[in-house]
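[1] The sequence isn't on hand, but the structure is:
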């Protein structure tokens, strides 16, 4: 039983270590993607401040985030 638990813990640790190892290029791509998403969200906030309406602003956000985030809300979803 102890061996099974130890093997399970080691496999989780190994998988975690492997998943966290990113090349410099991958890290740079992540940084650029986060900055692009932040700019898209800032644009959405400014759109809402300009009182263009949620429907228009969400359409602009979706367009700006195409290919950046997961899902149609560019990594951000909240209730209304």
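    Noted; the coordinates are in hand. Just so it is clear, the structure is predicted and the values come from calculations on it, not from any experiment.

[2] So residue 30 is in contact with residue 36, correct?
    No - counting by C-beta atoms under 8 Å, residue 30 does not reach residue 36; the two are 10.8 Å apart. (C-beta placed from N, C-alpha, C; glycine too.)

[3] higher neighbour count, the two?
    residue 36 (16 against 11; other C-beta atoms under 10 Å).

[4] How about that one, nearest residue that isn't a chain neighbour?
    Leaving aside its sequence neighbours, residue 36 sits nearest to residue 68 (C-beta to C-beta, 6 or more residues apart in numbering; 5.4 Å).

[5] can I assume the one you found is in contact with residue 35?
    No - if you go by C-beta under 8 Å, residue 68 and residue 35 don't touch, sitting 10.0 Å apart.

[6] Quick check on the two: which one has the bigger neighbour count.
    residue 68 (16 against 11).

[7] list the contacts for the more buried one?
    Neighbouring residues of residue 68 by C-beta atoms under 8 Å, 6 or more residues apart in numbering: 33, 36-37, 40, 74-75.
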